[in-house]
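Trainee: this one's structure only:
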């Protein structure tokens with residue numbers, strides 16, 4: 001929802017490649033899938049969308065950074 005509206009094909013392809021790799025790692029890594037499928041990632045996404053809807057670029061940027069920090073943290077534990 002967030003990046004598709006930008007009509008940036010390169011960004012879409014990069015994000016698709018990231019998610020393909022993430023899902024491949026997730027299926028191979030014990031415990032990563034459970035964390036990735038939980039409620040917290042959904043809350044993180046909601047914070048990003050809420051900030052964008054409010055036009056609060058700083059809050060949106062912070063929320064995106066927190067979300068990707070969480071992903072990096074989970075991946076580094078594997």
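Mentor: On my side now, so go ahead. Just so it is clear, the structure is predicted and the values come from calculations on it, not from any experiment. Residues are numbered from 1 along each chain as shown.

Trainee: what about residue 8, distance to residue 20?
Mentor: Per Cβ to Cβ, to the nearest Å, residue 8 is found 18 Å from residue 20. All C-beta spots, glycine's among them, are computed from the backbone N, C-alpha and C.

Trainee: and if you look at residue 76?
Mentor: 19 Å.

Trainee: the two - which one has more neighbours?
Mentor: residue 20 (10 against 7; other Cβ atoms under 10 Å).

Trainee: measure residue 6 to residue 20 for me?
Mentor: From residue 6 to residue 20 the distance is 20 Å (Cβ to Cβ).

Trainee: equivalent analysis for residue 74, please.
Mentor: Going from residue 74 to residue 20 by Cβ to Cβ gives 17 Å.

Trainee: the helix or strand containing residue 21: which residues count as buried?
Mentor: Per DSSP states H and E: residue 21 is located in helix 9-28. Neighbour-count burial for helix 9-28, with 16 or more other Cβ atoms under 10 Å as criterion, is recorded at residue 26.

Trainee: swap in stretch 41-55?
Mentor: For stretch 41-55, by 16+ other Cβ under 10 Å, it's 44, 47, 48, 51, 52.

Trainee: narrow those to those in helices?
Mentor: In this view, the buried residues of stretch 41-55 that belong to helices under DSSP state H are 44, 47, 48, 51, 52.
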